[in-house]
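Visitor: Any chance you can model this:
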Amino acid sequence: MDDFKGRIVSFIRNYLKISVRKFEETCGLTNGTIGSIKEQGPTASVLSKIADTYPELNMNWLLRGDGQMILGERPKEPVQYRGMNIGNVQAVFVTNWEDIRSVVEDAVKKTLTSK
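Guide: Okay, here's the model as predicted:
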């Protein structure tokens, strides 16, 4: 799976074992949201809803393909990212999720209003 769309579908079908439609409903997304995601990826709002609904989902894996799909799964071998064990990076991301989400949402809003 090389892209966001492929990874999210893998999470839905292989981990959750539910339909894409049920996933969208559970996350509070409109019907067809996952199917309409383009190459540039989802909006900050979509990511936020997914992260809030499925906190076990490793957002680093979802967005970039790094690490394990599920937080807390032990990697087969230690994975390093900028000199830190990936588990530490995940912990920092999860701990600071609200701040990260706010920054991403502000960036998206600025991008949309500047067009």
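Visitor: Which positions within the lengthiest helix in the chain qualify as buried?
Guide: Taking DSSP state H as the criterion, the chain has its longest helix at helix 97-113. For helix 97-113, burial by neighbour count (16 or more other CB atoms under 10 Å) applies to 100-101. C-beta coordinates here come from the backbone N, C-alpha and C atoms, glycine included.
Visitor: Name the residues that touch that helix?
Guide: 43-45, 47-48, 51, 93 (CB atoms under 8 Å, 6 or more residues apart in numbering).
Visitor: buried stuff in stretch 3-14?
Guide: Those buried within stretch 3-14 under the rule 16+ other CB under 10 Å are 4-5, 7-9, 11-12.
Visitor: Dump these to TSV, plus distance to Leu57, pLDDT and secondary structure.
Guide: Below are these laid out as TSV (distance: CB to CB, whole Å; pLDDT from 0 to 100; DSSP: H, G, I helix; E, B strand; the rest coil):
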residue	distance to Leu57	pLDDT	secondary structure
Phe4	12	87	helix
Lys5	15	89	helix
Arg7	10	92	helix
Ile8	9	93	helix
Val9	13	92	helix
Phe11	6	93	helix
Ile12	10	94	helix
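Visitor: Out of those, which is nearest to Arg21?
Guide: Lowest distance from Arg21 to the buried residues of stretch 3-14 (CB to CB) belongs to Ile12, with 9.8 Å.
Visitor: from memory that closest one sits against Phe23, does it?
Guide: Yes: taking CB atoms under 8 Å as the definition, Ile12 is a contact partner of Phe23 at 4.6 Å.
Visitor: overlap in contacts of those two?
Guide: With contacts defined as CB under 8 Å, 6+ apart, the residues shared by Ile12 and Phe23 are Ile34.
Visitor: show me where this structure has helices.
Guide: Along the chain, the stretches classed as helices by DSSP H are 4-10, 20-27, 44-53, 59-64, 86-95, 97-113.
Visitor: And the contacts of helix 97-113, which is the shakiest by pLDDT?
Guide: Sorting the contacts of helix 97-113 by pLDDT puts Phe93 at the bottom of the list (64).
Visitor: Any figure for the gap between the residue nearest the centre of the chain and Lys110?
Guide: By CA atoms, centre = their mean, the chain has its centre lying nearest to Met59, at 3.6 Å. As judged by CB to CB, to the nearest Å, Met59 and Lys110 stand 21 Å apart.
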